Every structure is written in C-alpha cells, then in structure tokens.
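**Q** Below are the sequence and a predicted model; questions follow.
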Amino acid sequence: MGVRRIKARLDAAAGFWPAMHGALDTLGFDEGYVARLTAPAHGGRRKYIKDSVWGMMDFEPHELAIIDSPLLQRLRRISQLGLTFLTYPSAEHSRFSHTLGVTHVLKRLVASISEAARREPILRAGNDEYQLYDPSADGEVARSLAHAALLHDVGHLAFSHAGETAFSAGAGLLVGGMELEDFIGCFREEGFESGLSECLSIAVCLSPRFRAFYGRVLGPGDLDGRLREICCFIGGVPHDPRYPGLANLISGAAVDADKIDYLNRDARHCGIPVGVDVSRVFLNSALVRISPDQALALSRSRVGQTGGGRFSAGVHFIVNSSGIDTYDELANAKAVLYQRVYLHQLTRNAEQVLAEAVHGTIRDPSAAANPDPRDIFTWFGYGDDELLARLSRERGSRQIATRLVTRDLPKRAFVIYRDACEPFVGLRDVFDAGEWDVHDARGALADLELVYRRATCWRLFDQLVPVDPVERPRRLAELRDLIRREAVAARRSIDPGFDPTAPGAAEPYVGLSPRFELKPINEVLVREKNSIGHSGQWTKSEELSNADNLGRGVDHVHADREWLPYVAVACTKVLYDLHAGTMASSIPDRAAPGDGSAREGFPVRPRLLLRLEEVCSRTGLDHGRLLDDMATAARAGYFGAAERIVPLDGGLLPRCGTVATRYATFRGEGGWQVSPESVAAFVRQFPVGLRQEMLSLLARGTIITRGAVGQAFDRMTAASRTRGEGGFVFARFSPNSGNVTGIALEQERRDAYLGAGHGFVRNLAELEVRLAGGPAGCVAFVDDQFASGGQASAQLLHWAGVPREEWPAAIQGERNIDMSAPGDRTLELLRSGRVRLMFVHGTETGRIRVVETARSAGFADLDVVFDGQIPASPILSEPLRGFLAEVGRGLLRAIRHGDGPVDAAADAALTADAVGYGNIGSVMVTLTSAPSHAITALWCPGVYAGQPWLPLFLRRGYRKHLVFG
C-alpha cells in the first residue's frame, strides 16, 4: 500500500521526525500534552458549534478531542484566504472555521448517502441492478472520514495557499532535512497528486507524535490501519481499490465537501453573490457498487461524451439528475471565485511580495542558522501575524515585509495572456485566400491561420511558465532576474540622468504572478430514473469550465511606480528573446503546387510578441508613453536584434496604407499580396531610425500594372510605324513574367491591335503554326523588364542550341527560361527574319549585352526595344544602404551556401547582389514578381540575424525559402 511506502521513506530520512516533532512542540502539541490527554468517554456528550454558513454543527466526543488539540487550534491563526483581506477586507475567516465546515458537510453527505442506501438498497437502471453502499454500516470507516476532514488542512503554513506558494517559490528548500522536491516526490510516486500543504497534513498524521495522540483518542484497535485510511482520504486516494468513491467525498471530486464549504464560505465573506444549493446535492445522492461489466459499459459510453478513459469497478459516488443543476452551480461558482477572488491581481501581487520577504529572510546570512531557515518546519508553527512580525524584524526582509503591513504594494507593470499574443504578421495579410482555394482547399488559409497561431505565439505562451512544480520556480526566478536586469539597462537608455551606481540607487523590485491553471471540473455519475450516465450527457460545465480556464490565464508583472515604464519596456524584450533560437516548428503549405517548387511546409521560428495597446489597457500604463520609451531605447541600441518588437510610430501607419494601395495589384507566387499589415510588418523589421526613410522609398517605387503594359506597347508600336515597319505578331518571351505580360497585353489591347494588323500567339508551338501560314512581318517577344540582360541572353542561347556549359558562367544557373525547343520555321525566323524583344522597362547596358549575344548565336536581325529606362537607383542614406546590404547579403548567403564556407569569388558575388543583382537597387515590381535588380531585402525571404525576414514582394521561385515567426 502506498501509505506504508511513504511512511517507510520518511522513517528512513535521517532527522525528519525529530524536525517535525520540534515544530509540533512549538504549538504545544508535545509529549507532555499527549501524555496528559484522557480518552473521550464512550458515548459522551456531543457538542454543538454555531457557524455563520451552516448554522448549528454537531460533533462527537472523539472529534472534539481532535478539534481541541493545539494541532487544529493553530488553524485559528491562519486565514483561509491568505492575503485576500488586502483586496476584500471582510475576508478574514480562518482555516479553522473552514475545517469545521468541511467536516459538517461531509457528515451530512454521509448521512444522506446512508439514508438513501437504507431506503433503496438496490438501484434498477434499465436491465442493470446496482447495489447501493451504506458508509455508516462500517462505523470505523465513517469515523475515519470525519477525522480526515478535520485533519485535511493541518499541514497548512501561515497565510494558507499564499504561504505555501511563497515558501515553494525558491530553490534549496528543505522539509525536515529532505529536499522539497524529494519530499513531495515521496507522495507523487505513490499516486498522491498533492501539493505541499496536503503532503504535510499526511506527514503529520504519520508522525509518531500524532500516532501516540490518536491512540489516546481512539483507544486500542487497528491504529495503523485507521491512520492509513485517514491519509488516503486526505490525499483523495482510495484506501481500498474496491471503494474509489469514498476517497472523493472530502476532496478531489466534482462535488465534494471541501468545495461545497469553501465556495459558500468564501463567497459569503467576500460578498460575491454565488453559492451552492447543498440540499439538492444531498437529495438522493448515493454510493453505488459498479461491477466490472457495468464499468466497461460506462467506459464505452464515456468515450465521445467527455473524452474520458476507462471507468473502474468499485463503489462510486452518484448524484440524482435533480441535483445536476447544483453541479452547474458549483462549476460556475468556482469559475467566478477564481476570477474575482483567488486570482485577483492585487492578491497575487501581495503573494509575490510575501514570497520575496520570505526568501529575503532565508537568504540573509545573518539569519539564525539554528533552526535552519531553509527548512519548512522552522516556520510551521507560525500563524499569519507571527510570520509577518518575524519578517518585519529580519534584516533581509524588513523593508519588503513592511509593505504588506502598510498595504504599500507594487503596481502592475505588464500582463501576459494568450489573446494578447500575436504572430508577427497574419497569413491572411500576406496571402490572398482565393489563391489557396483554387487548390481544392477551400478555407485552407483560415484553417492554417489557426494552426499558425497555435504553433507560434500560443505555444510560447503555454510554455512560458511551466506547470512542472520543480521547473516552475526556476523559470519564474529566471524571468524575474532577467526583467530586473533589463529594466536597469532600459532605464539607462531612456533616462539620461539615471545612474545605477549612485548612492541610494536601489535595484528595482520585480514581482511575477504567474497564471494559475485550474484543475478541470471532474465529471460525475448521474442517475436519471432508469439509467446511469455521465454528467457530460446532462451539462457542458466541464467543457465550458476548461475553455474558461484556457482563456483566462494571465501572468502579471509588478514593479514600484517609479520603475513601471522601464519594467514594461524590459518585459517586451525579455519575452521576445526568451526562446530565441531554442524552438522550431512548421506549418503546412496546403497551397503548394506539388511540383517540387515549394516545400511541404513553412518553417516557423516562434517568438513572443504582444499587442501592447491591449496590455496597456489591462495595466493602466500610458500606451503612447510606452511606445515613445521603446523608440528612445531603440535609438540608443537597447533592443539590438530584437528592435522589430518596437511598434511603428502612429504617424507611419497611415503611410503603410498608402504604400499598400500603390502595390495593391501585386500577386506573387502562391497569392502573395501587399496589405497595410504586411507593409507595417516589413517596415517594422528595420531599425526605428530608418523606418520613415524606407516608407518614403517604397512610396516612390514602380509597379508595372496592366495599364502600364498597354501604354508602353502603344508607344513602342507607334514608334515602329513611324519607322515604316509593318504589323507585329506578339509572342510571350519568358514562361513567367513574359507570359503574364503577354496575357495583360492581349486582354488590354486585343481588339485594337488586331484591327491595326497585329496578331497574338501564346507560345512557340502556336508561332510555328502561324509561320506555316505565311511569313510574318515582324515577331515581337514581349516581357516586362530587364536590367543586366542575363536571363534574356540565356533564353537566346538555349534557342540557338548552345550547350549550357558553354554559356557565360554568370548565367549557367538560370532556370527561369522557356525550355522548349523552337520549331524549324521559328529557328529560321530567328536567324534571318525580323525579331524584336520588347520590354516595358530596360537598360541600355542590358540591351547591348542581349544584342551581342544574339549576334553570337547567329540571330542577325534581332533587336531589343524597351519603352522606358529602369528608374535610377534611389539615393539612400548610408545607414539605410548599409542595413539593406547587410540583410540582402545575409539572406543570399543562406540560400546559396547554407552554413558552408564562402570563397573569394562567391563572396564578391554576394557583395555585388546584396542591394539588388548588380547592386542596381531598384524599387520596382511587376504584377507577379520582383525582378532580381530590385533591392534584395524587398523580395528575398529567409533568416537574418537569427530572425525570420519577411519580404514585402515575394520573388517567384523563392516561396520555398519562406520562414515565418
């Protein structure tokens, strides 16, 4: 049995029992008290105690012996709600009154269950019969239940759960000389999912001192057996596998005595209008014996209803369907009280101050070494006032503890909650959903957006504060220390008059109140006339409660008023950097064409980014002041590579919309689009001081629209007519941009051009057919633009049949050309007929290169015509050009060389292409892509400085390099 093994572990721990007995001695629960105790007279007088919640409560003599012991009387000095009285002044009821209330509710519940069993021993439900169990038939078990209810909270430290949290928050704590983790591990390994206070309660009941006391109370009998029952009932673990339902009557079930009392009692004393109608819980509630076959049938019905697992045979607690409303009341009351009372930010703030004071004393080298301040038993005998008085005296905690006495608490500096977390850019801001739907994935982008959020910010939020009881304090301490250090650095960047080394310059206080994950509402068996089922068939309280818990988890960061703005700035950086480089994920690319040009998924590098306006609305911080402080810190170099977390200045946001309007017709690979949000995200990647210049640069850029294509070819054909040239047959040059340009030209000018004697073909095959019908005056291959002429030269060399290895080295890797072979008539035309390559934009240098290539390939009368020069490289400030060059070089290096070495020639090529190929550095895009001569950072995705780089215009063929964050 698990309790025996726990007892053996504690027996084997040198010094554990002497340390506990020393703590019990300070309460007056010493050997002398036990020796003086006389056994309660059998059949002695009962005693009635008046309670503000339950009225008159009656107790047996053996119960009174426990109640009157120093062990329980100590609970009068411990508040039930810890430090909640700082929030709700009337919440000053003690853990003692709660203990009596739990025992009273339990006894009423047992009496009701026993009455139901005597009234109806057999429950018939459908074709099954269930035997009802009468717990009072075994008087010793019923007595153990009542004693367990009285003793279930004797392990609480001062300030109840607040004290438990405070002492558990640090590393190196001991319990009777055992490491805290080892002590709790003794219980966890035996199936006790108990916190520190419950483990201490069980340990007290297993102590030799308590055994001697309990022997005086009970007299002769199976003392060890009774104590093991009590320990199991306290921990919610079956004392006998045949009776799992008994263990849940006190605590651990959906409906139990502990919840019924604390929800009603706490609500009343805090003035919260919720509660539980216990009379309906007692009505026809029962303990029912379930056979293995019946348990299997219930398990099968359970799956799909609540997602639960296998149901075990044995005696289980069951409520009547008329009491299911009370089950809903209980779930609702618990949710309301957790939100308004137990997790109130001011109370949690005070708990962190208490933890800081406790560990200030523990860490203080001047504190008394005997007894060891690191040992929980040193503090076990303290009540609330005694602990606060001790902390107010000690040098290591005096200053912070005084703040609890005077209620001078820190203020909220920052909050973190799941719905405030956001991706750097939404997928629907950069992808046109319609482009995804055409791949038989209707609604795919909306679905993927949810996957994206789960894989990035939600996942990070869930992992920010681990649930593991060992890892949690370490992470919280790490976060506190990081925020404290960064707050000092942030203030140094923002406040020119701040000197952290000046006399009297105190280190900032930072408190972190982590979210509290509520235990899910357990389901309960329900009797409905002739059937037995699960509460999930009658109510959705479990699902609603769990969803409510998920959405309400909030982490609070507190600081002194003087430090609030600097701690807030520090939080943004610490949270963003916390998982940098340590996590990776991916999301599927469901719109990938499936031809190998794109990966199956997009890599994701999660970082924690928050909606600061929402954070400020929760904390009361001035949002504008926070943004100004972040910008000031950024200009001082505070954020480093994390500068993108600084939001855009409010004056820049309208300009993002203007830029998005300018490029609204752009549709890149996979439906890549330009939106106000994607412009803002792109510009946010730049240092704060360069953002305005970058937006101005984008506002002056060029997009080759459909209208621009038509107008350009109008001018070029008009010029050809003035030279006496006849009609053109317009063909499409390159498979991507040339095809798009040809489509746009035909759609914009088809009727007018056909009337003027021109014609259209879509590809080389159609051109071959056209030439078979007679000679063409002039064939014009159309495209949008060229700069160096490398791609056009590669196309001509391919048509001429020149082997690729004989091409110039710079263009041997060119893939974006039409790989089909020209027919005989087309080839003859290229060699001896009139052929023009017509572009909307070009350069004279590139034209000369292409014409020279044509001559070398034997194409005698091929010429290159373009309507307008590619706009000259914009004049950039040195900081902006340097940043763009650094980004472009880093992105291209990763794509071309990965993590491999780079030789001198490759390094020179990277330098030449860092701000657009050939360092032309234009700001130009077509309808569907960005040319290689455009600034590289505009169109190239990848990773820069360890962070995903989001391009504004995705160049075709580069979708496979996208990385999100």
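**A** All right, it came through fine. Numbering: from 1, shown residues only.
**Q** Could you use CA atoms for every contact and neighbour count after this?
**A** Will do.
**Q** average model confidence for stretch 446-466?
**A** Stretch 446-466 comes out with an average pLDDT of 73.
**Q** hey, where'd the helices end up in the stretch 251-400 of the chain?
**A** According to DSSP state H, counting those that start in this stretch, the stretch 251-400 of the chain carries its helices in the segments 257-270, 278-282, 292-302, 324-337, 345-363, 376-379, 384-393, 398-406.
**Q** helices or strands next to the first one in the packing?
**A** For helix 257-270, the contact count by 3 or more C-alpha pairs under 8 Å, 6 or more residues apart in numbering; DSSP states H and E identifies helix 95-119, helix 324-337 as packing neighbours.
**Q** Let me know the angle separating it from helix 324-337.
**A** 50 degrees (axes from the mean of the first three to the mean of the last three C-alpha atoms, to 10 degrees).
**Q** now do the fifth one
**A** Calculated by the same axes, to 10 degrees, helix 345-363 forms an angle of 60 degrees with helix 324-337.
**Q** Pull out the buried positions in helix 345-363.
**A** By 16 or more other C-alpha atoms under 10 Å, the buried positions in helix 345-363 come out as 345-362.
**Q** helices or strands up against it?
**A** Applying 3+ C-alpha pairs under 8 Å, 6+ apart, one finds that helix 345-363 contacts helix 160-168, helix 384-393, helix 398-406, strand 510-513.
**Q** Just say which of these is most tucked in.
**A** Ranked by mean neighbour count under mean count of other C-alpha atoms under 10 Å, the helices and strands packed on helix 345-363 are led by strand 510-513, which reaches a mean of 26.
**Q** and that strand, which strands flank it?
**A** strand 554-559 (antiparallel) (DSSP bridges).
**Q** Skip ahead from the partner strand and say which helix or strand is next.
**A** Counting by DSSP states H and E, the element after strand 554-559 in chain order, helix or strand, is helix 564-577.
**Q** Flag every buried residue along that following helix.
**A** 564-577.
**Q** right, and out of those, which lies closest to R607?
**A** Comparing these against R607 with C-alpha to C-alpha places Y576 closest, at 5.4 Å.
**Q** you'd agree the closest one is up against L609?
**A** Yes: taking C-alpha atoms under 8 Å as the definition, Y576 is a contact partner of L609 at 6.1 Å.
**Q** Identify the contacts common to those two.
**A** I645 (C-alpha atoms under 8 Å, 6 or more residues apart in numbering).
**Q** out of the buried residues of helix 564-577, who's nearest F866?
**A** Using C-alpha to C-alpha, Y576 comes nearest to F866 of these, at 48.4 Å.
**Q** For the closest one, which residues are in contact?
**A** With contact set as C-alpha under 8 Å, 6+ apart, Y576 has these partners: 607-609, 642, 645.
**Q** And it, how close does it get to Y452?
**A** To Y452, Y576 is 17 Å away according to C-alpha to C-alpha, to the nearest Å.
**Q** okay, now the domains of this structure?
**A** Using automatic domain parsing, the domains assigned to the chain come out as 2-123+133-273+340-349, 423-504+569-647, 706-869, 874-961.
**Q** Mind checking the ones you listed for the one nearest to L387?
**A** Shortest distance between L387 and the domains of the chain, using C-alpha to C-alpha, is found for domain 2-123+133-273+340-349: 6.9 Å.
**Q** all strands for the stretch 101-250 of the chain, in order.
**A** Counting by DSSP state E, counting those that start in this stretch, the stretch 101-250 of the chain has these strands, from start to end: 122-125, 128-133, 174-175, 178-179.
**Q** of those strands, which approaches E60 most closely?
**A** strand 128-133 (23.2 Å).
**Q** rewinding a little: could you export the domains of the chain as CSV, including distance to E394?
**A** Shown next, in CSV, are these (distance: least, C-alpha to C-alpha, whole Å):
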stretch, distance to E394
domain 2-123+133-273+340-349, 16
domain 423-504+569-647, 20
domain 706-869, 75
domain 874-961, 47
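**Q** where among these is the average confidence lowest?
**A** Among these, domain 423-504+569-647 has the lowest mean pLDDT, at a mean of 81.
**Q** before we move on, the earlier item: quick one: the helices of the stretch 251-400 of the chain as a markdown table, columns for distance to H156 too.
**A** Listed next are these as a markdown table, based on distance: least, C-alpha to C-alpha, whole Å:
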| stretch | distance to H156 |
| --- | --- |
| helix 257-270 | 15 |
| helix 278-282 | 26 |
| helix 292-302 | 36 |
| helix 324-337 | 21 |
| helix 345-363 | 15 |
| helix 376-379 | 11 |
| helix 384-393 | 11 |
| helix 398-406 | 20 |
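**Q** Which of those helices sits closest to T26?
**A** Nearest of the helices of the stretch 251-400 of the chain to T26, taken as C-alpha to C-alpha: helix 376-379 at 9.7 Å.
**Q** elements contacting that closest one?
**A** Counting contacts by 3+ C-alpha pairs under 8 Å, 6+ apart, helix 376-379 packs against helix 16-27, strand 174-175.
**Q** any chance of the ones you listed in JSON lines, plus distance to C421?
**A** Below are these laid out as JSON lines (distance: least, C-alpha to C-alpha, whole Å):
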{"stretch": "helix 16-27", "distance to C421": "46"}
{"stretch": "strand 174-175", "distance to C421": "38"}
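**Q** Burial-wise, tell me which of the ones you listed comes out on top.
**A** Burial of these is given as mean neighbour count (mean count of other C-alpha under 10 Å); strand 174-175 ranks first at a mean of 21.
**Q** residues making contact with it?
**A** By C-alpha under 8 Å, 6+ apart, the surrounding residues in contact with strand 174-175 are 16, 180, 183, 374-377.
**Q** Can you give me the neighbour number for D907?
**A** D907 has 13 neighbours, counted by other C-alpha atoms under 10 Å.
**Q** quick one, phi psi at the most far-flung residue of the chain relative to its centre?
**A** Of all residues in the chain, G724 has its C-alpha farthest from the mean position, at 69.6 Å, by C-alpha atoms, centre = their mean. Note on G724: its backbone torsions stand at phi 80, psi 10 [degrees, to the nearest 10].
**Q** How about R732?
**A** phi -100, psi 130.
**Q** if I read this right, it contacts E766, doesn't it?
**A** No: using C-alpha under 8 Å, R732 is not in contact with E766; the gap is 10.8 Å.
**Q** Between the two, tell me which one has more neighbours.
**A** Higher neighbour count among R732 and E766: R732, with 25 against 13, using other C-alpha under 10 Å.
**Q** Distance of the more buried one relative to V674?
**A** From R732 across to V674, the span is 26 Å (C-alpha to C-alpha).
**Q** Secondary structure of F730: a helix, I assume?
**A** No: with DSSP: H, G, I helix; E, B strand; the rest coil as the criterion, F730 is assigned strand and is not in a helix.
**Q** ok, how many other residues are close to it?
**A** Counted with other C-alpha under 10 Å, residues neighbouring F730 total 25.
**Q** swap in S922?
**A** Look at S922: counted by other C-alpha under 10 Å, it has 25 neighbours.
**Q** roughly how far apart are it and L263?
**A** 68 Å.
**Q** what do you get for A568?
**A** Using C-alpha to C-alpha, A568 is found at 36 Å from L263.
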